[in-house]
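[1] Here is my input, please return the structure:
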Amino acid sequence: QVYVFSLPIMSILIALGIDTVAKQFSLFKRYWARVIGTGALLIWITYGLLVNYPQIKSVRNTVFKDYGEHVLQTIQGPTILMTGTDLTNVLGYLYAVEGVRKNEIRLITFSLLQKDWYVRDMKQRYPDVVFPFNHISVGEKLDSFYEKNIKKFSIAFAPLNGQALASVSDRFQLLPYGLT
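    As a prediction, the model looks like this:
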């Protein structure tokens with residue numbers, strides 16, 4: 001739906017751009033010829049929008065939302081959910097806007113733990129989660145984070161990407177659970 005609104009605006013901007021180029025190169029010497037040419041282009045683009053609107057609207061497309069809900073439903077009990085970039089927006093929306101499992105799950109974007117501001121924000125948002133660092137380095141093991149929180153929370157990864165996998169040392173065992 002975001003793109004649907006932008007199409008008429010873009011068609012107007014394209015028509016104005018063509019009109020400006022036509023003025024510069026004197027393609028249409030008469031004013032009315034420019035108006036008719038620009039108007040025809042505007043009508044052509046708007047017609048394309050109206051004809052294709054049923055295919056581009058995504059009001060009933062809930063694939064991502066459904067998948068995110070299923071991911072959150074498979075988690076049991078109080079959990080720190082470390083998300084990767086693929087699911088961050090979907091899970092963040094469900095968590096923050098719709099309040100899905102907000103009291104049980106602590107949603108943390110794994111890749112952003114490299115940023116000082118993000119760790120500060122997470123410390124304020126989740127005072128019950130222990131962050132024994134101000135940021136992490138790429139490839140750093142998070143043993144101290146896992147050790148300090150494992151008694152109070154389960155720790156889950158969604159999805160389990162290479163960076164998250166590298167953060168788990170041999171002292172911990174990864175167990176497959178939930179959606180695959």
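[2] Checking my notes, residue 134 in a strand, right?
    No - assigned with DSSP: H, G, I helix; E, B strand; the rest coil, residue 134 falls outside any strand and is coil.
[3] I'd say it and residue 117 touch.
    No - using Cβ atoms under 8 Å, residue 134 makes no contact with residue 117, being 9.9 Å away. The C-beta positions use only the backbone N, C-alpha and C, and glycine is treated the same way.
[4] quick one, phi/psi of residue 150?
    Per-residue torsions, residue 150: phi -70, psi -30 (degrees, to the nearest 10).
[5] just residue 136 next, same as before
    Main-chain torsions, residue 136, degrees, to the nearest 10: phi -110, psi 160.
[6] With adjacent residues omitted, what lies nearest to it?
    Excluding the flanking residues, the one nearest residue 136 by Cβ to Cβ, 6 or more residues apart in numbering is residue 113, at 4.8 Å.
[7] pLDDT value on the one you found, please?
    Residue 113 is assigned 86 on the pLDDT scale.
[8] What is the three-state secondary structure of it?
    Put simply, residue 113 is helix when judged by three-state DSSP.
[9] Quick check: phi and psi on residue 134?
    Residue 134 adopts backbone torsions of phi -90, psi -20, taken as degrees, to the nearest 10.
[10] for residue 108, that is, sorry about that
    According to degrees, to the nearest 10, residue 108 has phi -130, psi 130.
[11] how many other residues sit next to the closest residue to it other than its chain neighbours?
    Nearest in space to residue 108, with sequence neighbours left out and distances taken as Cβ to Cβ, 6+ apart, is residue 82 at 5.4 Å. Around residue 82 sit 24 other residues, with neighbours defined as other Cβ atoms under 10 Å.
[12] now residue 146
    When neighbours are counted by other Cβ under 10 Å, residue 146 registers 17.
[13] Then the one 4 residues further on?
    Counted with other Cβ under 10 Å, the neighbours of residue 150 add up to 12.
[14] ok, now how distant is it from residue 89?
    Separation of residue 150 from residue 89 (Cβ to Cβ, to the nearest Å) stands at 28 Å.
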